[in-house]
Each structure stands twice: as structure tokens, then as C-alpha cells.
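A.B. asks: Sequence plus the predicted model coming up.
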Amino acid sequence: YGQFLNEIGRSPHHSCLLLLSWEQPTEIAILETENSHCKTLHLKGLDGSSTTELLTNRKLKDRERWIELIQRYSGNPLWLNIISATISDLFNGSVSKFLSYSSLFLGDIESLLDEHYLRLSETEKLVMIGLANQPGITEVCPNIENLSDSDYLKAVQSLKKRSLLEIEIENSNSILRLNPAIQEYFKNKNHH
């Protein structure tokens, strides 16, 4: 696939290739620096009207709690569909009863995240578990025990490309953020 992406990105043509992926291939990252025709669009979760439609179709109750549910699962449509099925099955569609539990429930989302976890290097796993267990805001700075600065930064860069963490600018500082479901997943990995 890497060779194919290089050919498409470097050859003159009038075609358009749209690649949907959880993670950005290295070839695309390199092509973006060389070629103004190659772009990456990082998608965020669905907006309010789209998620409302999704939850309405699932016949969920307690509409006033939907925003909280959407935020917990970062507006991810696949995750919301999975959790909606759980809410219907276990709580007769009551979002309030589901949200009354203090911990964030992953259910079948966990098996999706397992696929990504298995492809991570040991260093990337250490960084994710370390970040998931840190309270509050975390700046981009090496602070994981027994990791060199270089290994830490390499892991953060790779994890960002894999969409497992986000880097946002806050008060001129680069801040690392994990969405709540991913944070919960890696907190649990620390206990296994």
C-alpha cells in the first residue's frame, strides 16, 4: 500500500483518491510536506444534530442526558451505536440509568480498541498507560519513567498519527488529550 500511495501522490493525473483510516500512513504524512495536492483531514466526532438523529433512531430515553452521553463517547458514531444497543438491552433505553454508573462503560468498544492495542509498540503502550493515569492536563514533555526523550517523542508522534491522542494548543502550550473512552481503556490496561 505504501508504494501505491507514493505512486498516486507523485504521479501526474486527474484522479482523486480518498482514503479513510483510523491512522495516517507515513507515506501520506511525507507526501503532505512535498505536495500541496495531498491533504489530511482529521475528523472529530459528529455534531449535535447528527448524534441526536442517531440516538433518536435507537429510541433512547432521557433526551436531556444525551449531551453527556455524546461527550463521554466523543461523538464517535460507531461507539454511540454500540453503546446505544447496550443501553437498549440492559436499561430499557434509559440513558439516565446507564449514566448513573460512575465508570465509563466500554462493552463491545473494548474489542475494537484491542485491535489497535495489539499493534502498538511496548513504548507506545507505556506512554498511553502513563497518560491515561495522569490527572489533569499533560504537556508534551517526556515524563514517563525509564524512557528516553527521543523514545517518548517518537511514541507521541506515532500515537497522534494513530488517532489515539490529540495535541491541542492551550495558553501557548502543546497539551496531550485522550478522549474519555480511550483513556478508560488504557487505565484498565494498567490493571491487567
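C.D. replies: Okay, I see it. Numbering: from 1, shown residues only.
A.B. asks: So, low pLDDT: which residues of this structure?
C.D. replies: 136-137, 142-143, 190-192 (pLDDT under 70).
A.B. asks: show me where it has helices.
C.D. replies: Counting by DSSP state H, one finds helices in the chain at the ranges 2-10, 26-34, 48-57, 66-72, 77-91, 95-99, 109-118, 122-132, 149-161, 180-190.
A.B. asks: hmm, who's touching the second one?
C.D. replies: In this case it means helix 26-34. The contact list for helix 26-34 (C-beta atoms under 8 Å, 6 or more residues apart in numbering) reads 2, 5-6, 9-10, 19, 38-40, 161. Heads up, the C-betas are built off the backbone N, CA and C, glycines and all.
A.B. asks: sorry, back to before: how about JSON lines for the helices of the chain, with distance to Ile167 and mean neighbour count added?
C.D. replies: Putting those into JSON lines (distance: least, C-beta to C-beta, whole Å; neighbours: other C-beta atoms under 10 Å) gives the following:
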{"stretch": "helix 2-10", "distance to Ile167": "24", "mean neighbour count": "13"}
{"stretch": "helix 26-34", "distance to Ile167": "14", "mean neighbour count": "14"}
{"stretch": "helix 48-57", "distance to Ile167": "24", "mean neighbour count": "14"}
{"stretch": "helix 66-72", "distance to Ile167": "20", "mean neighbour count": "17"}
{"stretch": "helix 77-91", "distance to Ile167": "21", "mean neighbour count": "18"}
{"stretch": "helix 95-99", "distance to Ile167": "29", "mean neighbour count": "18"}
{"stretch": "helix 109-118", "distance to Ile167": "18", "mean neighbour count": "14"}
{"stretch": "helix 122-132", "distance to Ile167": "12", "mean neighbour count": "19"}
{"stretch": "helix 149-161", "distance to Ile167": "6", "mean neighbour count": "17"}
{"stretch": "helix 180-190", "distance to Ile167": "14", "mean neighbour count": "18"}
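A.B. asks: picking up where we left off before, would you point out the most distant pair within the contacts of helix 26-34?
C.D. replies: Arg10 and Lys161 (20.4 Å; C-beta to C-beta).
A.B. asks: what pairs with the closest residue to Ile167 other than its chain neighbours across the strands?
C.D. replies: Nearest residue to Ile167, sequence neighbours excluded (C-beta to C-beta, 6 or more residues apart in numbering): Ser174, at 5.4 Å. Counting by DSSP bridges, Ser174 forms beta bridges with Ile169.
A.B. asks: I'm done for today, thanks for sticking with me.
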